[in-house]
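Visitor: could you look at this predicted model? Sequence included:
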Amino acid sequence: QVQLVESGGGLVQAGGSLRLSCAASESFASFNVMGWYRQAPGKQRELFATSTNGGTTNYADSVKGRFPISRDNRQNELFLQMNSLKAEDTAVYYCNSRRIISGKNYWGQGTPVTDST
């Protein structure tokens, strides 16, 4: 069973920064897409950043220019650098990996990011 483990969440003031990490138990080469989702209180989980094996990244408008996604393919780690945080970024952040042909998705346990302002 694929395991994804997120870390790096916590309390942060508006305007501050955090870096989230996601460690995978299997090689990134076995997944087509890695991504970050978040779920704010009372809202649905939303996809906001993706990274493909081909090197393509995509972002939701809400985080574009603030939350660059990156990856270390040798260590099988995914990162999210969160800059210029806003109160509305408060959410639980989830790492996701996807195999397109099989249609299988894998999830981490989530790490909370909370505005402490």
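Guide: That came in fine, so what should we check first?

Visitor: going forward, measure contacts and count neighbours with C-alpha atoms only.
Guide: Noted.

Visitor: how many other residues sit next to S70?
Guide: 19 (other Cα atoms under 10 Å).

Visitor: skipping adjacent residues, who's closest to it in space?
Guide: F79 (5.1 Å; Cα to Cα, 6 or more residues apart in numbering).

Visitor: please give the element, helix or strand, for C95.
Guide: strand 91-99 (DSSP states H and E).

Visitor: which residue is nearest the middle of this protein?
Guide: W36 (2.6 Å; Cα atoms, centre = their mean).

Visitor: pairing partners for that residue in the sheet, please.
Guide: Going by DSSP bridges, W36 is paired in beta bridges with A49, C95.

Visitor: next one: it from T117, what distance?
Guide: 24 Å (Cα to Cα, to the nearest Å).

Visitor: report pLDDT for S116.
Guide: Predicted confidence (pLDDT) for S116: 88.

Visitor: burial measure for it, as a count.
Guide: 11.

Visitor: same thing with G35?
Guide: G35: 25 neighbours (other Cα under 10 Å).

Visitor: same thing with the one 4 residues further on?
Guide: Per other Cα under 10 Å, the neighbour tally for Q39 reads 18.

Visitor: do the same with the one 4 residues further on
Guide: By other Cα under 10 Å, the residues close to K43 number 9.

Visitor: need phi/psi at it.
Guide: phi -120, psi 170 (degrees, to the nearest 10).

Visitor: can you pull the contacts of it?
Guide: K43 makes no contacts at all, as judged by Cα atoms under 8 Å, 6 or more residues apart in numbering.

Visitor: for N76, same thing?
Guide: Counted by Cα under 8 Å, 6+ apart, N76 has contacts A23, A24, S25, E26, S27, F28.

Visitor: what's the local residue count around the third one?
Guide: Counted with other Cα under 10 Å, the neighbours of S25 add up to 13.

Visitor: quick one, what contacts it?
Guide: With Cα under 8 Å, 6+ apart, S25 has these contacts: V2, Q3, L4, N76.

Visitor: reformat the residues you listed as CSV; add pLDDT, distance to T57 and secondary structure.
Guide: Converted to CSV, those look like this (pLDDT from 0 to 100; distance: Cα to Cα, whole Å; DSSP: H, G, I helix; E, B strand; the rest coil):
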residue, pLDDT, distance to T57, secondary structure
V2, 91, 23, coil
Q3, 95, 22, coil
L4, 97, 20, strand
N76, 95, 17, coil
